[in-house]
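>>> Here's my sequence, what's the structure:
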Amino acid sequence: MLVRDFMTCDVTTIDEHDNLLDTTLAFRRTHFRHLPVLAADKLVGIVTEGDVRQFLPSLMSRAGAEEYNQILESTPVSKVMTRNPLTVGPQQPVAEAAHLLFTHHIGCLPVVEEGELKGVISTTDMLRLLIYLTRERPSQP
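Purely as a prediction, here's the structure:
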């Protein structure tokens with residue numbers, strides 16, 4: 001089984017110059033937890049909801065709504081993203097992708113072929129694979 005068989009192809013991306021507000025809205029609109037970050041159509045990073053949350057002031061802090069919104073609007077995603085993320089190719093065995101996700105404690109790997117983003121493979125995709133592999137099959141005579 002190959003990465004291409006289980007990856008998510010319809011992926012929302014953001015530009016490295018987009019701000020954290022744009023990024024947060026993309027997370028809300030798509031329900032993805034990871035977004036590939038592009039510069040001139042080339043993958044330059046990946047950002048997670050956790051990256052954004054960790055950067056923002058705690059809601060328990062004394063930061064007011066105005067300051068919070070100003071940070072969202074003025075901070076480019078490139079400031080909080082992970083640069084040069086681990087990637088896999090669509091032809092790689094899905095077991096290699098699972099190993100990378102597990103050993104590096106990450107939730108998503110961009111799938112890149114010849115420098116072009118083709119999709120992502122995530123822990124959710126791996127759960128879909130697990131369901132496929134373990135669902136009951138009729139017994140063979």
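
>>> What is the helix or strand of the chain with the lowest mean pLDDT packed up against?
When the helices and strands of the chain are scored by mean pLDDT, DSSP states H and E, helix 65-74 comes last with a mean of 78. Other helices and strands packing on helix 65-74, by 3 or more CB pairs under 8 Å, 6 or more residues apart in numbering; DSSP states H and E, are helix 20-30. All C-beta spots, glycine's among them, are computed from the backbone N, C-alpha and C.

>>> now the helix it packs on, how far from the centre of its chain.
13 Å (CA atoms, centre = their mean, to the nearest Å).

>>> So for that helix, what gets flagged as buried?
Of the residues in helix 20-30, Leu20, Leu21, Asp22, Thr23, Thr24, Ala26, Phe27 count as buried by neighbour count, 16 or more other CB atoms under 10 Å.

>>> returning to that earlier point: kindly export the least confident helix or strand of the chain (C-alpha atoms) in PDB.
Written as PDB, here are the backbone C-alpha positions of helix 65-74 (Å, rounded to 0.1, in the frame of the first residue of the first chain):
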ATOM      1  CA  ALA A  65      -9.500  41.900  22.600                       C
ATOM      2  CA  GLU A  66      -8.000  44.800  20.600                       C
ATOM      3  CA  GLU A  67      -4.400  43.600  21.300                       C
ATOM      4  CA  TYR A  68      -5.400  40.000  20.500                       C
ATOM      5  CA  ASN A  69      -6.900  41.000  17.200                       C
ATOM      6  CA  GLN A  70      -3.900  43.200  16.300                       C
ATOM      7  CA  ILE A  71      -1.600  40.300  16.800                       C
ATOM      8  CA  LEU A  72      -3.800  38.100  14.600                       C
ATOM      9  CA  GLU A  73      -3.900  40.700  11.900                       C
ATOM     10  CA  SER A  74      -0.200  41.800  11.900                       C
END
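
>>> Specify the next element, helix or strand, located C-terminal of it.
strand 82-83 (DSSP states H and E).

>>> buried ones in the next helix or strand after that next one?
Next helix or strand after strand 82-83 toward the C-terminus (DSSP H and E): helix 94-103. Neighbour-count burial for helix 94-103, with 16+ other CB under 10 Å as criterion, is recorded at Val94, Ala97, Ala98, Leu100, Leu101.
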